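Asker: Sequence plus predicted model, see below.
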Amino acid sequence: MNEMPATPPPAEEPKKSNTGLIIGIVVAVLLCCCCAFLLGGWFFGDQVIQSLGL
């Protein structure tokens, strides 16, 4: 009988954490939202104030 010698499975590398990537994406999205809000206020602020009657 030709039995293959039992070899241990190759050691798995530990998974790389994606925490930094996730935090970076969230910060980038929040920064884009803040910039869009500020630019919208800059360009349309007078119209919003007039429409509110302030």
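Answerer: Sure, I can see it. Numbering: from 1, shown residues only.

Asker: export stretch 24-38 as CSV, just CAs?
Answerer: What follows is stretch 24-38, C-alpha atoms only, in CSV (Å, rounded to 0.1, in the frame of the first residue of the first chain):
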residue,chain,number,x,y,z
GLY,A,24,-10.0,56.3,6.8
ILE,A,25,-13.0,55.8,4.5
VAL,A,26,-15.4,57.0,7.2
VAL,A,27,-13.3,60.1,7.8
ALA,A,28,-13.1,60.8,4.1
VAL,A,29,-16.9,60.5,3.6
LEU,A,30,-17.6,62.8,6.6
LEU,A,31,-15.0,65.3,5.3
CYS,A,32,-16.7,65.3,1.8
CYS,A,33,-20.1,65.8,3.4
CYS,A,34,-18.9,68.7,5.6
CYS,A,35,-17.3,70.4,2.5
ALA,A,36,-20.5,69.9,0.5
PHE,A,37,-22.6,71.4,3.3
LEU,A,38,-20.2,74.4,3.7
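
Asker: and Ser51, what does it touch?
Answerer: Contact analysis of Ser51 by Cβ atoms under 8 Å, 6 or more residues apart in numbering lists nothing. The C-beta positions use only the backbone N, C-alpha and C, and glycine is treated the same way.

Asker: Please, which helix or strand holds it?
Answerer: Per DSSP states H and E: Ser51 is located in helix 19-52.

Asker: what is the rounded mean pLDDT of that helix?
Answerer: Here helix 19-52 scores 93 as its mean pLDDT.

Asker: Which residues in it does the neighbour count mark as buried?
Answerer: Judged by neighbour count using 16 or more other Cβ atoms under 10 Å, helix 19-52 contains no buried positions.

Asker: any idea how far that helix is from the chain center?
Answerer: Remark: helix 19-52 is offset 16 Å from the chain centroid, using Cα atoms, centre = their mean, to the nearest Å.

Asker: Please renumber the chain so that the first residue is 12 from this point on.
Answerer: In the new count, where the first residue is 12, that last one comes out as helix 30-63.

Asker: Check the secondary structure at Glu23 for me.
Answerer: Following DSSP: H, G, I helix; E, B strand; the rest coil, Glu23 is assigned to coil.

Asker: So what does it have for phi and psi?
Answerer: The phi/psi pair for Glu23 (degrees, to the nearest 10) reads phi -80, psi 140.
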